[in-house]
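In: here is a sequence with its predicted model. Questions after.
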Amino acid sequence: MGDFFQVFTFQLLNSGIRLATPILLAALGGALCNKAGVLDLALEAKMLLGAFVGILAAYLLHNTYLGVLVGMLAGGLLGLFFAFLYHKYEVDLVILAIAFNLIILELTVFLMRVLFNNVGSWTDPSIQILPDIQIPLIKDIPVLGDILSGYNAIVYASWLIVVIMYVVLYKTPFGRHIRAVGENKEAAETVGINARMIQTMALTIAGMLAAMGGAFLSVGHLTLFTRNMSDGRGWTAIAAALFGLNHPVWTGLASLFFGFTAAFSVRIQNVTNLDPNLVNMIPNIATLLVLVIIALRTKIWERMARSRFRSKLREEDRAKDIAKSV
Amino acid sequence: MTPRALRKLLDAILIPLLAVLSGLVLMGVLVVVTGKPLWESYQILFTSAFGCKNAATSCSLFTTLERATPLIFTGLSAVVAFRSGMFSIGQEGQYLMGAVMAAYLGYAIHLPYVIHPIVIILASMAAGAVYSWIPGILKVKLGVNELLATIMLNAIATTFTEYMVQYPMRADRGTTAHSPIIDATAFLPSFFQGSRWGVGFIIAVLAVIVVIVYLWRTKSGYEQRMAGQSLKFAFYGGIPSDQAAIRAMVISGALAGLAGAVEVLGVQHRIMTGFSTGLGFDGLTAAILGQTHPIGVFIVAILFAGLRLGAQIGLQIQVHIPQEVGGTIIGFIILFVAARKFYENSIASVRKLLTRNKDIKAKGEGG
């Protein structure tokens, strides 16, 4: 048992936050899309595109920050293209996502082979990793400084986006419009909200965020690109958004949960002989349970509303009977 | 065939055909980008996918058919689910569950020839069916979105398979984890020495026929299709649509589980780490391009398997074009078929143009 508790260290918290970052960014994009009533299952593709374009641009422009920006631009363009096909040609978003998850996976490897004659992975010594930044003052706080400081810019940005998204979605009229479109598109359009514009924007921003998460993998966490680098994180992000009920703050916490289980499963291999795969299964089972709980809640509310309505009818009948008898 | 039926058929195949042609044109662009000979590349792609120089030794068509086999099953699985209005993308997970079951029973129990594979196939189908029944019952009883539920179940199945391969079923401490080789009694025989194209393909053809008969010639299948077209209409028409939906999910899961069994018994003879290679998603795409019809799935599965094989052993080895070109084209074909409205608009405008010309001509003649 002593061995088991050795798993919990500051490094675990640190790496948990790092591993949560790409999931968080993509999950925020997914949550925004869900809020705007468009299901984005192509987070995986957008993430992989961001990872590939990000490292390629960092190499060509000799600047990692610019690389991340160009990667985000690519993801945003893909999102925009989705919105265009969805609105103009009424393409099913799920099928579109399945197609692009395949296209980006294969095309990135194709390009890697054509451009660099490489099979498994590609890197170049000239590519700089995103530097870690110590936050002044906070880094000097004993324990907390180690946990909160010393990450690269993308990690800080991701948590800043959580706050921004919360404020925009819940504290501004524009956020209310987004949520209105997600809840009832026709009704929102009737009162003059440009639903098409809002959904286009949601898909584009989701693309940028997921691509930023991808760039974190290729130039923030490591400095290389490998085949299928996102490795299912886009799907995990969808789970995290659902687990967080599409609320930015809850989605942030859900992503942390996913990140910590990932870090935990890596640590557990080194310290104990438990199997990491079993640990990795936990978040997905938890998400499935959340889906069930949400459905149950809706069902129970419906039933309660129905029984309330019935009892009201009964009362009215009784009142009528009494009125008659008098 | 009546002219009306012919026209219906033409309408059904026109857009997939245009999508495939567009995909092949796009491949030409990729070939030109890499600076390789265009015409030769097409030739090599087709001969290494569907060619047959010598039936006994070098028939790549057989390999294509071998690789198409699991795709046919997962494609049929998607067809059964889609046709009953269940948007299940859980074929991947059900396929893995079937494969794990087959690999385990392959070495854990010992039975004589013929009986052994039959027992395993039934068990794998049951494993897939149960794994698909879960999202089915959740959807019908609680209204849980089956698309999201199957995404989660896919992820769970992938990690579960990794766990089984790495730990309980691991054969040795070699560098890549794999399960022990199954008993020879459980092998599904192949047609030729040196080829793995075999009995599994016959089962796949039978499955195509069974699904057609079930969906279009039985009462249950009718109920299912009606539930798929309009759940409320079917319900008020007296069709037990809930039961139909659950039944569809169970059948769909059984077919995907069967894919796993056939792949293990006929081809791999064990499971190894990284066994899931997106076969479930390929089946899904085959169903979409095949117009959610069993025959369409059969044709498209062979086409997809051929494209991938042709890109792998043809383009990559002979012309040095990366094999990923195959998968890329498949992705674009799906994109093109999803954007059917684009083609419909173009066809409509071409038709308009033709009729206008005719009108002008008619007017000219009249005047």
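Out: Thanks, I have the structure now. Residues are numbered from 1 along each chain as shown, chains lettered A, B, ... in the order given.
In: mind pulling up the pLDDT for B:I360?
Out: At B:I360, the pLDDT value in this model is 66.
In: could you do the one 4 residues further on as well?
Out: Turning to B:G364, the model gives it a pLDDT of 58.
In: cool, and A:A305?
Out: pLDDT for A:A305: 88.
In: ok, it to chain B distance?
Out: Going from A:A305 to chain B by CB to the nearest CB, to the nearest Å gives 15 Å. Heads up, the C-betas are built off the backbone N, CA and C, glycines and all.
In: same question for A:H221.
Out: Relative to chain B, and taking CB to the nearest CB, A:H221 is found at 21 Å.
In: ok, that residue touching A:R18?
Out: Yes. Using CB atoms under 8 Å, A:H221 is in contact with A:R18, at 6.6 Å.
In: so B:K53 is in which element?
Out: strand B:52-54 (DSSP states H and E).
In: pLDDT averaged over that strand, what's the number?
Out: Computed over strand B:52-54, the average pLDDT equals 73.
In: buried residues in the strand or helix carrying A:L111, which are they?
Out: Using DSSP H and E, A:L111 maps to helix A:93-116. Within helix A:93-116, the residues that count as buried by 16 or more other CB atoms under 10 Å in any protein chain shown are A:93-114.
In: neighbouring strands of the very next helix or strand once past it in the sheet, and parallel or not?
Out: Next along the chain after helix A:93-116, taking DSSP H and E as the criterion, comes strand A:121-122. Strand A:121-122 pairs in its sheet with strand A:225-226 (antiparallel), by DSSP bridges.
In: please state the offset of the very next helix or strand once past the partner strand from the chain centre?
Out: Using DSSP H and E, the helix or strand that follows strand A:225-226 in sequence is helix A:233-243. On the basis of CA atoms, centre = their mean, to the nearest Å, helix A:233-243 sits 6 Å off its chain's mean C-alpha point.
In: next one: stretch A:28-35
Out: 7 Å.
In: mind listing what's buried along it?
Out: Buried residues in stretch A:28-35 (16+ other CB under 10 Å): A:28-35.
In: just the ones of those residues in helices?
Out: Under the assignment DSSP state H, these contribute A:28-35 to helices.
In: ok but A:I129 is inside a strand, no?
Out: No. Applying DSSP: H, G, I helix; E, B strand; the rest coil, one finds A:I129 to be coil, outside a strand.
In: for the nearest residue to it once chain neighbours are set aside, give its distance to A:L107.
Out: Nearest non-adjacent residue to A:I129, counting by CB to CB, 6 or more residues apart in numbering or on different chains: A:T223, 5.0 Å away. A:T223 is 22 Å from A:L107, where distance means CB to CB, to the nearest Å.
In: and the residue of the stretch 151-300 of chain B found nearest chain A, how many neighbours does it have?
Out: Residue nearest to chain A within the stretch 151-300 of chain B: B:Y163 (3.8 Å; CB to the nearest CB). Residues lying near B:Y163 (other CB atoms under 10 Å in any protein chain shown) number 19.
In: does it lie in a helix or a strand, and which?
Out: Using DSSP H and E, B:Y163 falls in helix B:146-166.
In: tabulate the ones in helices among the buried residues of stretch A:28-35 (TSV), appending pLDDT and distance to B:I330.
Out: As requested, these are exported to TSV (pLDDT from 0 to 100; distance: CB to CB, whole Å):
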residue	pLDDT	distance to B:I330
A:L28	97	31
A:G29	97	26
A:G30	97	25
A:A31	97	30
A:L32	97	30
A:C33	97	25
A:N34	95	28
A:K35	95	32
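In: can I get those in TSV including distance to B:G93?
Out: Shown next, in TSV, are these (distance: CB to CB, whole Å):
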residue	distance to B:G93
A:L28	26
A:G29	25
A:G30	20
A:A31	24
A:L32	27
A:C33	24
A:N34	22
A:K35	28
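In: nearest to A:P276, of those?
Out: Of all those, A:G30 has the smallest distance to A:P276: 25.1 Å, by CB to CB.
In: what's the angle from the longest helix anywhere in chain A to helix A:233-243?
Out: Ranked by number of residues, the top helix in chain A under DSSP H is helix A:276-325. Going by axes from the mean of the first three to the mean of the last three CA atoms, to 10 degrees, helix A:276-325 is angled at 30 degrees with respect to helix A:233-243.
In: so which of the buried residues of helix A:93-116 reach chain B?
Out: A:94-96, A:98-103, A:105-107, A:109-110, A:113-114 (CB under 8 Å from any CB of the partner chain).
In: may I have the secondary structure class of B:M169?
Out: Taking three-state DSSP, the label given to B:M169 is coil.
In: up against chain B, what does the stretch 201-326 of chain A have?
Out: Close to chain B, as judged by CB under 8 Å from any CB, the stretch 201-326 of chain A has residues A:232, A:235-236, A:238-239, A:242, A:275, A:277-278, A:280-281, A:284-285, A:287-288, A:291-292, A:295-296, A:298-299.
In: state the phi and psi torsions of A:P136.
Out: phi -60, psi 160 (degrees, to the nearest 10).
In: what's the burial count for it?
Out: Neighbours of A:P136 using other CB under 10 Å come to 8.
In: let me know the pLDDT of it.
Out: 83.
In: that one and A:V114, how far apart?
Out: From A:P136 to A:V114 the distance is 46 Å (CB to CB).
In: likewise A:M201?
Out: 34 Å.
In: what's the answer for B:A248, then?
Out: Applying CB to CB, the value for B:A248 to A:V114 is 43 Å.
In: again, but for B:M169
Out: 39 Å.
In: next one: A:D124
Out: 16 Å.
In: same thing with A:L203?
Out: Distance from A:L203 to A:V114, by CB to CB: 29 Å.
In: could you pull out the strands in the stretch 51-200 of chain B for me?
Out: B:52-54, B:58-59 (DSSP state E, counting those that start in this stretch).
In: residue ranges with poor pLDDT in the stretch 51-200 of chain A?
Out: Counting by pLDDT under 70, the ranges of the stretch 51-200 of chain A that qualify are A:119.
In: picking that back up, got the contact list for the residue of the stretch 151-300 of chain B closest to chain A?
Out: For B:Y163, the contact set (CB atoms under 8 Å, 6 or more residues apart in numbering or on different chains) comprises A:275, A:277-278, A:281.
In: who touches B:V208 in this structure?
Out: B:72, B:76, B:294-295, B:297-298.
In: which SSE is it in?
Out: helix B:199-217.
In: next: B:Q43.
Out: Applying DSSP H and E, one finds B:Q43 within helix B:38-50.
In: next, the buried residues of that helix.
Out: Buried, per 16+ other CB under 10 Å, within helix B:38-50: B:41-42, B:44-45, B:47-50.
In: burial of the nearest residue to A:V53 once chain neighbours are set aside, as a residue count?
Out: Nearest residue to A:V53, sequence neighbours excluded (CB to CB, 6+ apart): A:A74, at 4.1 Å. For A:A74, the neighbour count with other CB under 10 Å is 23.
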